[in-house]
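Chemist: need coordinates for the following:
(chains A and B)
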Amino acid sequence: MVRTSHRPHQVRGGAQPPRTPGASSPLAGTIKIWVRRHQMAPYLLIVPSLALIAVLVIWPTVQIGEFSFQNYGLPQLAGSEPAQWVGVSNYSQILHDPEFWLSLRLSVISAAVMIPLTLLTGTLVGLLLSRLGRKMAAFVSSVAMLAWATPAVSASVIFVWLATPDGGVVDWFLTKLPSWLGGGAHWAGFSWTNAALPAYTLITALVVWTSFPFIAVSVLAGLRTIPAELHESARVDGGGAWRIFWLITYPLLKPIFLVLLLLSIIWDFGVFTQVYIIIGELGQRDEYNLGIYEYSKAFTMPPAYGLASALAFILTIILLIITLGYVRASVKQGAIQ
Amino acid sequence: MTILAARAERSGSGRSRRRLRSRRVRRAGLNLLGLLVALVTLFPIFFMVSTAFKPPTEIYSLTPHPLPAHPTLANFRAVIDGSVIGLPYWNFLKNSLFVTLVAVAASSLIALLAAVAVARFRFRFRTTYLIMLLIVQMLPQQALVISLYLDFRSVGLLDSLVGLILVYTTFALPVTILMLRNFVATVPRELEEAAALDGAGPMRIFWRILLPLVAPGLVATSVFAFIFAYNEFIFALTFLNVDTAKFTLPLYVQYFYGRNGAQWGPIMAASTLFTIPVMAFFLLVRRRLAGGLVAGAVKG
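Modeler: Next up, the predicted model:
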């Protein structure tokens, strides 16, 4: 790294700073002049980050695409046979695999439930926070952010413990619930992890618990940008809370909601750690979502890296399409200036 | 006239008193609701800590109690001397802190350079670079982990904390750069120009002017990098699988749980010891964080 790369003050059109006295060697001086003449400073400043991202994110993504057309497996890993191009056979194998469709269905359905629930809970809590006094709002939001900061591994293990069939709080609570609320003795010893529906109910509760605080805090920050007079005058004109939300709050916060929606889709569709722990590692194949299914193809014996890469590529493409929407929304909001 | 005025005043004050009371009732209702949200949200964390202090008889009792009747430290002792999986908790805390701190320091420094570039200069490919950061941030880790595993295997970075540091540093970069650039942009340019006119070199300006002024922002963004690296699971799970002694805390807790399915006391004690430090750290910088969170995530 060249010393002169740290030139925070050098702005195009700005005053040229006086040359530092004692530029150590002739070479350093030459480099310094070259950097300044070609306005290389910003490029030098982004080189380290660019290099790391290129090597550890972009190149691996390209490799995933490459492997997805190869028969990369155990012999290739051991080096006894070279990887061969197999065309689209990995993809056609996936499309004919009922397990793929099952896992895709689980991913789509669970995301379709998690996302509206998270957004709804987060928005309601955000609205509540905006109405609370300063101290109370600070208290509630920091407690909520604790849920957000809880490591996924801890949160998953806690939720498994809460819902364990022997001695868990959830089953105990459900047996005590009056029957018109769906409670009753049949909940005693109910296993939440043995089948896909209860397992994903638990995962949904966990994901909502973890991610609503972020939505609430973001909505609150957005609400604070709306002038108070706007709400007041609407209230004076006799608008109810419901009307005020849809006529004033929602249209003004629409850009924030769009970004939050897209972020939620990306996060909830790609949920991995919580699912991995709650379904009990890679044991129960009928509880795989797309991410877990892909991971299991690569990391259970015998590994099928080519097939897994094809799955990873499909997952990446799905998320990339949503990401492009997210980028467009961010650019429109002036995030890139 | 005076009577009328007095009456008007009295009725006015009566109305305002009524309004005051209804406002007070509403405020109490809202506070109650807020308290309820806080309690429900806190419950899982509270129950983890409470279970960690319970003796086995209370853990397996058929009617769960919120608080331990006879609190015990036995679960923590089992975790700390490692009688359950053979290695003490400190071993994993050490790994986690080493990986996290190095990754946070490296990514903060590298991100600061990039943030200065995007906040202070207009250059070609600047927008392309920023958009690339937005996209990179969203790529699914469970996809990249396949090729990274194969690459790291060929260069001997599996079962190595260095490999994890490299990955954590890189994956923390996009969000750190996007957030830091807002903080750099708030530092008035005139300060730097004035220092330059006074003959300060670029290094001096960087260390003496920019760095102290960006420090609060650096704290906020480093919290994000810290939480990400300290909590990260997929890469640790995939890269570290032979040598248990190299496990980081998330992997240790998961391994612990996987091996000792029903020992909820020690599992919750391990989980508490893993979770509490990040929460304490988080609460310490909470106020700065809320601003940074929104600046980084909603605006970029």
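
Chemist: okay, CA-based contacts and neighbour counts for the rest of this
Modeler: Fine.

Chemist: give me the most central residue, chain B.
Modeler: Centroid-nearest residue in chain B, with Cα atoms, centre = their mean: B:I227, separated by 3.4 Å.

Chemist: so which strand or helix has that one?
Modeler: Using DSSP states H and E, B:I227 sits in helix B:211-231.

Chemist: what does that helix contact?
Modeler: A:149, A:151-153, B:96-97, B:99-101, B:103-105, B:107-108, B:168, B:172, B:176, B:179-180, B:183-184, B:187, B:249-250, B:278, B:282, B:285, B:288-289, B:292 (Cα atoms under 8 Å, 6 or more residues apart in numbering or on different chains).

Chemist: please apply the same query to stretch A:285-302.
Modeler: The contact list for stretch A:285-302 (Cα under 8 Å, 6+ apart) reads A:73-74, A:99-100, A:102-107, A:195-196, A:199, A:270-272, A:275-276, A:279, A:282, A:303-305, A:307-309, A:311-312, A:315, B:142-143, B:146.

Chemist: filter those residues down to the buried ones.
Modeler: Listed as buried from the contacts of stretch A:285-302 are A:73, A:99-100, A:102-104, A:106-107, A:196, A:199, A:270-272, A:275-276, A:279, A:282, A:303-305, A:307-309, A:311-312, A:315, B:142-143, B:146; burial here means 16 or more other Cα atoms under 10 Å in any protein chain shown.

Chemist: from those residues, which land in helices?
Modeler: Using DSSP state H, the subset of the buried ones among the contacts of stretch A:285-302 located in helices is A:99-100, A:102-104, A:106-107, A:196, A:199, A:275-276, A:305, A:307-309, A:311-312, A:315, B:142-143, B:146.

Chemist: report the buried residues of the helix or strand hosting B:M279.
Modeler: Taking DSSP H and E as the definition, one finds B:M279 inside helix B:264-284. Within helix B:264-284, the residues that count as buried by 16+ other Cα under 10 Å are B:264-275, B:278-279, B:282-283.

Chemist: filter those residues by proximity to chain A?
Modeler: Counting by Cα under 8 Å from any Cα of the partner chain, B:W264, B:M268, B:S271, B:F274, B:T275, B:V278, B:M279, B:F282, B:L283 from these sit close to chain A.

Chemist: from the residues you listed, pick the one nearest chain A.
Modeler: Relative to chain A, the closest of these is B:S271; by Cα to the nearest Cα it sits at 5.6 Å.

Chemist: am I right that that closest one is in contact with A:P151?
Modeler: No. Using Cα atoms under 8 Å, B:S271 is not in contact with A:P151; the gap is 9.4 Å.

Chemist: which of the ones next to chain A among the buried residues of helix B:264-284 lies closest to B:N75?
Modeler: Taking Cα to Cα as the measure, B:N75 lies nearest B:M268 of these, at 8.2 Å.

Chemist: one step back: in the helix holding B:I227, which residues are buried?
Modeler: B:211, B:213-214, B:216-231.

Chemist: what about the biggest helix by length in chain B and chain A, any contact?
Modeler: In chain B, with assignment by DSSP H, the single longest helix is helix B:2-52. Yes. Helix B:2-52 lies within reach of chain A by Cα under 8 Å from any Cα, at B:R27, B:L30, B:N31, B:G34, B:L35, B:V37, B:A38, B:T41, B:L42, B:P44, B:I45, B:M48.

Chemist: output those as CSV; include the columns neighbour count.
Modeler: What follows is the residues of helix B:2-52 next to chain A, written out as CSV (neighbours: other Cα atoms under 10 Å in any protein chain shown):
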residue, neighbour count
B:R27, 15
B:L30, 18
B:N31, 20
B:G34, 21
B:L35, 16
B:V37, 17
B:A38, 17
B:T41, 21
B:L42, 18
B:P44, 19
B:I45, 21
B:M48, 26
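
Chemist: low-confidence regions, the stretch 201-300 of chain B specifically.
Modeler: Applying pLDDT under 70 to the stretch 201-300 of chain B flags the ranges B:261, B:286-300.

Chemist: one more pass at 90, please.
Modeler: By pLDDT under 90, the weakly predicted segments of the stretch 201-300 of chain B are B:201-228, B:241-247, B:249, B:251-267, B:270, B:276-300.

Chemist: state the pLDDT value of A:G168.
Modeler: pLDDT, A:G168: 81.

Chemist: shouldn't it be in contact with A:W161?
Modeler: Yes. Contact criterion Cα under 8 Å: A:G168 and A:W161 qualify, at 6.2 Å.

Chemist: what sits against B:G34?
Modeler: Contacts for B:G34 (Cα under 8 Å, 6+ apart) come out as A:L128, A:L129, A:L132, A:M136, A:A137, A:V140.

Chemist: make it 6 Å
Modeler: If you count contacts by Cα atoms under 6 Å, 6 or more residues apart in numbering or on different chains, B:G34 has none.

Chemist: and the gap between it and A:A205?
Modeler: Between B:G34 and A:A205 the computed distance is 20 Å (Cα to Cα, to the nearest Å).

Chemist: try B:D198
Modeler: Counting by Cα to Cα, the gap between B:D198 and A:A205 amounts to 59 Å.

Chemist: for A:A112, the count of nearby residues, please.
Modeler: 14 (other Cα atoms under 10 Å in any protein chain shown).

Chemist: what helix or strand is it located in?
Modeler: In the assignment (DSSP H and E), A:A112 maps to helix A:98-131.

Chemist: so B:D198 and A:A205 - more neighbours on which side?
Modeler: A:A205 (14 against 11).

Chemist: chain center to the helix or strand where that one lies, what's the gap?
Modeler: In this assignment (DSSP H and E), A:A205 forms part of helix A:196-225. Relative to the centre of its chain, helix A:196-225 is centred 12 Å away, using Cα atoms, centre = their mean, to the nearest Å.

Chemist: need the CA coordinates for stretch A:193-210. CSV is fine.
Modeler: C-alpha atoms of stretch A:193-210 as CSV (Å, rounded to 0.1, in the frame of the first residue of the first chain):
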residue,chain,number,x,y,z
THR,A,193,-39.9,-31.0,15.3
ASN,A,194,-41.1,-34.4,14.0
ALA,A,195,-43.1,-33.1,11.0
ALA,A,196,-42.7,-30.2,8.6
LEU,A,197,-45.8,-28.2,9.6
PRO,A,198,-45.1,-27.9,13.3
ALA,A,199,-41.4,-27.5,12.7
TYR,A,200,-42.0,-24.6,10.3
THR,A,201,-44.5,-23.1,12.7
LEU,A,202,-41.8,-23.0,15.3
ILE,A,203,-39.3,-21.6,12.8
THR,A,204,-41.7,-19.0,11.8
ALA,A,205,-42.3,-17.9,15.4
LEU,A,206,-38.5,-17.8,15.8
VAL,A,207,-37.9,-15.7,12.7
VAL,A,208,-40.7,-13.3,13.5
TRP,A,209,-39.2,-12.9,17.0
THR,A,210,-35.7,-12.2,15.7
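
Chemist: which of the residues in it are buried?
Modeler: By neighbour count, with 16+ other Cα under 10 Å as the criterion, the buried positions of stretch A:193-210 are A:193, A:196, A:199-204, A:206-210.
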